[in-house]
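[1] After the sequence you'll find the predicted model.
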Amino acid sequence: MTQRQLSRGARPEEEKAGRQAGRQAGSRESADARQRPRSIAIKPLPTVTARRRAERGGRRPSDERTGESRVMASPPLLLLLPMHALAVVLVLALSARGAEARPPPPLHGVRPLAFDEGYTQIFGSANLALLRDGRRVRLTLDESTGAGFASQDVFLHGFFSAAIKLPADYAAGVVVAFYLSNGDVYEKTHDELDFEFLGNVRGREWRVQTNVYGNGSTHAGREERYDLPFDPTDDFHHYSILWTNDRIIFYVDETPIREVVRTSAMGAAFPSKPMSLYATIWDGSSWATLGGRYRVNYKYAPFVAEFADLAIQGCAVDPTDLSSASAAASCGAGLGALAVSVSAEQLAAMAAFRRAHTSYSYCHDRRRYPVALSECGSGKGLLPSRMFGPDGMKQHRRHRAAPRGHRGAQDDVM
């Protein structure tokens with residue numbers, strides 16, 4: 001596997017061309033978009049746990065295509081209830097649904113934007129569909145093309161989040177990406193922050209990759225990969241990126257799964273230029289699933305990913321302003337809400353997630369980096385080297401039979 005394949009692979013040409021077209025279309029509306037309020041509470045989407053709990057109790061979850069609730073009693077029974085009792089049933093049902101899932105803490109005060117309020121299509125228009133008045137976006141990959149969209153505005157630092165539901169069934173080679181990038185403006189010195197979902201072979205866990213690029217440093221990818229502890233095709237889950245001047249935090253639902261702390265040795269390798277938000281689906285057969293071993297099988301097409309709760313909290317800046325210092329000065333007043341702290345409970349959850357689900361870490365890849373990069377010794381959620389082999393892959397422990405007289409002994413094969 002080449003380093004380029006390991007880190008992310010090349011995005012399709014149609015997406016690259018679409019970025020610039022989308023940026024031109026979005027810039028015409030960016031002035032108005034900057035003035036829109038983005039600070040009211042939201043109602044999160046249901047979790048897999050709540051869905052399964054409802055099914056065990058003989059109730060079906062909400063119908064995602066029509067929005068029709070199937071949690072309450074059947075219509076004939078409702079007609080028999082007095083009005084005040086019906087009101088109580090409705091309040092309790094809606095309260096229960098609203099409490100099923102909680103997005104990461106910064107999102108509690110951010111209003112998700114409808115598609116025409118903050119986003120623009122960049123490629124594959126025939127494979128992009130808007131649902132629920134533009135508050136849900138469906139992207140489809142078929143043999144003709146994938147699809148993608150981008151934010152109308154460009155941001156320097158912020159909190160970016162989406163509830164995502166991934167393609168079901170066999171989806172090897174299919175890449176669904178939710179990321180920040182400025183590759184359309186800085187082609188040779190671009191910055192990037194990635195969530196990339198790397199396809200799936202039926203019966204195996206979905207794998208997600210996070211990555212950090214700064215100033216075109218694709219030769220030094222900072223990727224980590226994780227096996228998701230839930231089925232991301234069964235329901236929506238929130239995936240979020242917090243990007244500030246000195247740190248980057250990736251979240252899955254309420255759990256921070258990775259923190260990158262800026263060090264002086266990183267220099268320009270820490271993303272520091274304004275970026276746009278992107279969401280795409282495309283064919284990554286050459287690298288995505290087990291290094292390209294499993295390719296997209298279009299017998300299972302179309303592959304559908306859905307995005308909802310598309311929320312941004314940050315400061316929009318002029319994408320043509322090449323001075324990051326002046327952009328930061330104009331943005332500083334709007335970043336107070338991003339000074340969030342990670343609670344002790346979240347730290348414990350992050351440590352548990354990372355130990356259980358990290359399958360690859362660049363910080364422990366001694367073949368690529370005989371000397372670990374500077375940020376690998378800082379931040380929270382550091383992992384012990386003994387968990388990983390020399391290629392940075394997690395080593396799975398095996399137990400062999402204990403000798404007689406030592407029936408309780410267990411040996412790790414590292």
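    Looks like it arrived, so ask away. Residues are numbered from 1 along each chain as shown.

[2] State the distance from Pro112 to Ala344.
    Distance, Pro112 to Ala344, using C-beta to C-beta, to the nearest Å: 29 Å. In this view, the C-beta of every residue, glycine as well, is placed from N, C-alpha and C.

[3] neighbour-wise, which of those two wins?
    The neighbour comparison of Pro112 against Ala344 (other C-beta atoms under 10 Å) goes to Pro112, with 23 against 8.

[4] Please verify my assumption that the more buried one contacts Arg135.
    Yes - counting by C-beta atoms under 8 Å, Arg135 is a contact partner of Pro112 at 6.8 Å.

[5] Which parts of this structure are helices?
    3-7, 13-27, 30-34, 48-56, 75-80, 83-98, 115-118, 324-331, 344-357 (DSSP state H).

[6] Please parse this protein into its domains.
    Listed by automatic domain parsing, the domain ranges of the chain are 3-41+103-393, 48-98.

[7] How about stretch 344-361, which residues are buried there?
    Neighbour counts over stretch 344-361 (16 or more other C-beta atoms under 10 Å) mark Gln346, Ala349, Met350, Phe353, Arg354, His357, Thr358, Ser359, Tyr360, Ser361 as buried.

[8] residues in contact with the nearest residue to the fifth one once chain neighbours are set aside?
    Nearest non-adjacent residue to Arg354, counting by C-beta to C-beta, 6 or more residues apart in numbering: Gly381, 4.8 Å away. Contacts for Gly381 (C-beta atoms under 8 Å, 6 or more residues apart in numbering) come out as Pro256, Ile257, Arg258, Glu259, Leu347, Met350, Ala351, Arg354.

[9] Kindly reformat the residues you listed as CSV containing distance to Val154 and pLDDT.
    Shown next, in CSV, are the contacts of Gly381 (distance: C-beta to C-beta, whole Å; pLDDT from 0 to 100):
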residue, distance to Val154, pLDDT
Pro256, 25, 93
Ile257, 26, 96
Arg258, 24, 95
Glu259, 24, 92
Leu347, 32, 88
Met350, 30, 94
Ala351, 34, 94
Arg354, 31, 96
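
[10] who touches both of Pro112 and Arg135?
    Ala308, Leu310.

[11] now the strands for the stretch 201-350 of the chain?
    207-213, 224-227, 237-243, 247-252, 255-261, 276-283, 303-317 (DSSP state E, counting those that start in this stretch).

[12] Could you point out which of those strands sits nearest Asp184?
    Closest to Asp184 of these is strand 276-283 (C-beta to C-beta; 7.5 Å).

[13] Contacts only, for Ser378.
    By C-beta under 8 Å, 6+ apart, the contact list for Ser378 reads Val261, Thr263.

[14] quick one: it and Thr255, what's the gap?
    According to C-beta to C-beta, Ser378 stands 20 Å off from Thr255.

[15] go on, Val176?
    From Val176 to Thr255 the distance is 20 Å (C-beta to C-beta).

[16] Between those two, which is the more surrounded one?
    Val176 (31 against 18).

[17] which regions of the chain sit below the pLDDT cut-off?
    For the chain, the stretches with pLDDT under 70 are 1-109, 218, 290, 292, 319-341, 397-414.

[18] what distance separates the start and the end of stretch 129-139?
    7 Å (C-alpha to C-alpha, to the nearest Å).

[19] so Gln395 makes contact with Met387?
    Yes - Gln395 is within contact range of Met387, at 6.6 Å (criterion: C-beta under 8 Å).

[20] So for those two, which residue has more residues nearby?
    More neighbours surround Met387 than the other of Gln395 and Met387, with 17 against 14 (other C-beta under 10 Å).

[21] so what's the more buried one closest to, chain neighbours aside?
    Lys394 (5.9 Å).

[22] does that neighbour really touch Ser385, like I thought?
    No - with contact defined as C-beta under 8 Å, Lys394 does not reach Ser385; the gap is 11.5 Å.

[23] Neighbour count for those two, which is higher?
    Lys394 (20 against 12).

[24] wait, what's in contact with that one?
    Lys394 is in contact with Thr358, Ser359, Tyr360, Met387, Phe388, counting by C-beta under 8 Å, 6+ apart.

[25] so how far is Val260 from it?
    From Lys394 over to Val260 the distance is 19 Å, taken as C-beta to C-beta.

[26] Same question for Ala162.
    Using C-beta to C-beta, Ala162 is found at 20 Å from Val260.

[27] what's the answer for Tyr213, then?
    Taking C-beta to C-beta, one finds Tyr213 at 11 Å from Val260.

[28] what touches both of the two?
    The contact sets of Tyr213 and Val260 overlap at Arg222 (C-beta under 8 Å, 6+ apart).

[29] which residues does Ala288 contact?
    Gly9, Ala172, Gly173, Val174, Val175, Glu196, Leu198, Gly199 are the contacts of Ala288 under C-beta under 8 Å, 6+ apart.

[30] nope, Leu139 is what I was after
    Leu139 is in contact with 124, 127-128, 146-149, 176, 279-281, 304-307, counting by C-beta under 8 Å, 6+ apart.

[31] Out of these, which is nearest to Arg367?
    Val176 (28.5 Å).
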